[in-house]
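Asks: I would like the atomic coordinates for the input below:
(chains A and B)
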Amino acid sequence: AAGVIQSPRHLIKEKRETATLKCYPIPRHDTVYWYQQGPGQDPQFLISFYEKMQSDKGSIPDRFSAQQFSDYHSELNMSSLELGDSALYFCASSYTGQGRSPLHFGNGTRLTVT
Amino acid sequence: AQKITQTQPGMFVQEKEAVTLDCTYDTSDQSYGLFWYKQPSSGEMIFLIYQGSYDEQNATEGRYSLNFQKARKSTNLVISASQLGDSAMYFCAMREGSGGYQKVTFGTGTKLQVIP
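Replies: Predicted coordinates:
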C-alpha cells in the first residue's frame, strides 16, 4: 500500500540558509500534518492542512512557512536556519472521513544545521 | 496542563513477559481518539493501535491491547509476550476536534527495553 513519502531523507544546511522539505500524502487523504521532533523529544505539532487550506497552527516559528498544493503534496519552507532547528521533521496524513483513521507518518527528514 | 501524560520515561521487561505502558489524557471533548505509536531507533513512527472514545470494548491488535478506562481518562498499552524487537520508544497520542479541524497531541514517550 502507498505510504507517506517525504524528501529528502537527510539534509545538511548551514546557519542562515534555507531549506525546503517535501511531503506526498497517501492518495485520498485530506489532511496533512507537520511535526518537529528534537533529539530525545516527543513530536511537536507545527502546522496542518485540510483540503489544501491551513487548518491549525502550532509552535511553528515565523521563519517557517508551509503550504499544500493542488496535487495535495505539501512543502515546509524554513528560512534563516538556526542550530536549534536541527531535528527530525515528520509529515503525516490522514483521512478525516473515517473517524478511526490514524495519522500515517512518513519516514521523516533529518535536518542538521551546522 | 499536559494533554497527554506518560509517567514512565523508561521501562524494562524480560523477553516473553507482558508489559504495561501508562498513558493518561486530558480533554473536554466528548468525541476523541487515542493512538499508540512505536518509534524504533531507526526513527520511523509506526502506528500500533487505536481506541475511540465511544468504543465500549478495549482495542486489541495482535500482541497489543489497550486497557481503556474512560472515567479515569487513561489508556494503557499492554504488550504481551515481549520480543527483542519491541525495544523502542512508545508514544501515546490523542486526536481532538472534528472534520478538518482535528488536533493530534503526543505524550513525552516511554522508552521500552526488552531484556533477553
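Asks: now the closest residue to chain A within chain B: closest residue in space, sequence neighbours ignored.
Replies: Here chain B gets closest to chain A at one residue, B:Gly100, 2.9 Å apart by Cβ to the nearest Cβ. Any C-beta I mention is one placed from the backbone N, CA and C, and that applies to glycine too. Distances taken as Cβ to Cβ, 6 or more residues apart in numbering or on different chains put A:Tyr50 closest to B:Gly100, at 2.9 Å, once the chain neighbours are dropped.
Asks: any bit of stretch B:60-78 sitting next to chain A?
Replies: No. On the criterion Cβ under 8 Å from any Cβ of the partner chain, stretch B:60-78 is out of touch with chain A, staying 11.3 Å away.
Asks: mind saving the C-alpha coords of that stretch as PDB?
Replies: What follows is stretch B:60-78, C-alpha atoms only, in PDB (Å, rounded to 0.1, in the frame of the first residue of the first chain):
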ATOM      1  CA  THR B  60      -6.800  -5.300  20.500                       C
ATOM      2  CA  GLU B  61      -4.300  -5.800  17.700                       C
ATOM      3  CA  GLY B  62      -2.300  -9.000  17.800                       C
ATOM      4  CA  ARG B  63       0.000  -8.700  20.900                       C
ATOM      5  CA  TYR B  64      -1.100  -5.200  21.600                       C
ATOM      6  CA  SER B  65      -4.200  -4.300  23.600                       C
ATOM      7  CA  LEU B  66      -5.500  -1.300  25.400                       C
ATOM      8  CA  ASN B  67      -6.800  -1.000  28.900                       C
ATOM      9  CA  PHE B  68      -9.100   1.900  28.300                       C
ATOM     10  CA  GLN B  69     -10.700   3.400  31.400                       C
ATOM     11  CA  LYS B  70     -12.700   6.400  30.300                       C
ATOM     12  CA  ALA B  71     -13.700   7.700  33.700                       C
ATOM     13  CA  ARG B  72     -10.100   7.800  34.700                       C
ATOM     14  CA  LYS B  73      -9.000   9.200  31.400                       C
ATOM     15  CA  SER B  74      -6.400   6.500  30.900                       C
ATOM     16  CA  THR B  75      -5.500   4.300  28.000                       C
ATOM     17  CA  ASN B  76      -2.700   1.900  29.000                       C
ATOM     18  CA  LEU B  77      -0.900  -0.200  26.300                       C
ATOM     19  CA  VAL B  78      -0.300  -3.800  27.100                       C
END
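Asks: now that stretch: mean pLDDT?
Replies: Average pLDDT, stretch B:60-78: 96.
Asks: check which residues of that stretch are buried.
Replies: Going by neighbour count (16 or more other Cβ atoms under 10 Å in any protein chain shown), the buried part of stretch B:60-78 is B:64-68, B:74-78.
Asks: how about stretch B:4-19?
Replies: Judged by neighbour count using 16+ other Cβ under 10 Å, the buried positions of stretch B:4-19 are B:4-6, B:8, B:11, B:13, B:19.
Asks: quick one: check the helix or strand harbouring A:Gln54 for contact with chain B.
Replies: Assigned by DSSP states H and E, A:Gln54 belongs to strand A:53-57. Yes. Judged by Cβ under 8 Å from any Cβ, strand A:53-57 comes into contact with chain B at A:53, A:55-56.
Asks: quick one: which of those residues is most hemmed in?
Replies: A:Ser55 (22 neighbours; other Cβ atoms under 10 Å in any protein chain shown).
Asks: for that residue, what are its contacts?
Replies: For A:Ser55, the contact set (Cβ atoms under 8 Å, 6 or more residues apart in numbering or on different chains) comprises A:31, A:48-49, B:100-102.
Asks: ok so, going back, put together JSON lines for the buried residues of stretch B:4-19, with secondary structure on each row.
Replies: Below are the buried residues of stretch B:4-19 laid out as JSON lines (DSSP: H, G, I helix; E, B strand; the rest coil):
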{"residue": "B:Ile4", "secondary structure": "strand"}
{"residue": "B:Thr5", "secondary structure": "strand"}
{"residue": "B:Gln6", "secondary structure": "coil"}
{"residue": "B:Gln8", "secondary structure": "coil"}
{"residue": "B:Met11", "secondary structure": "strand"}
{"residue": "B:Val13", "secondary structure": "strand"}
{"residue": "B:Val19", "secondary structure": "strand"}
